[in-house]
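Chemist: Prediction below, plus the sequence it came from.
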Amino acid sequence: MLTGIRQKAMVNKAGKIEISAAEIPHGTWVEVIVLVDMEEPDLDETSYLLSTPANRQRLQNALRQLENRADYIYVDPAEL
């Protein structure tokens, strides 16, 4: 099951971004996507991502790919 967490964060002086996700167990691998909002701080990210036909199609294709767990690539962190 795919779960999304949406949070706003500010880049600190060292260039780091911190998010909190207490509901995700320690050691869980996650993919983080950072969207930088340079012009409109109140822009709804979902509306932006769906604003062009090309983006909308890419997102719909990505969601369809997530439905087939047989295509997932699993990595053992201990082997890295």
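Modeler: Now that the structure is in, tell me what you want to look at.

Chemist: contacting residues for residue 74?
Modeler: Residues near residue 74 by C-beta atoms under 8 Å, 6 or more residues apart in numbering: none. To be clear about C-beta, it is placed using only N, CA and C from the backbone, and glycine gets the same treatment.

Chemist: quick one, helices of this protein?
Modeler: Under the criterion DSSP state H, helices of the chain are mapped to 45-49, 53-66.

Chemist: can you list those helices in CSV and add distance to residue 11 and mean neighbour count?
Modeler: As requested, the helices of the chain are arranged in CSV below (distance: least, C-beta to C-beta, whole Å; neighbours: other C-beta atoms under 10 Å):
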stretch, distance to residue 11, mean neighbour count
helix 45-49, 17, 11
helix 53-66, 24, 10
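
Chemist: Could you tell me the least trusted of these?
Modeler: Lowest mean pLDDT of these: helix 45-49, a mean of 77.
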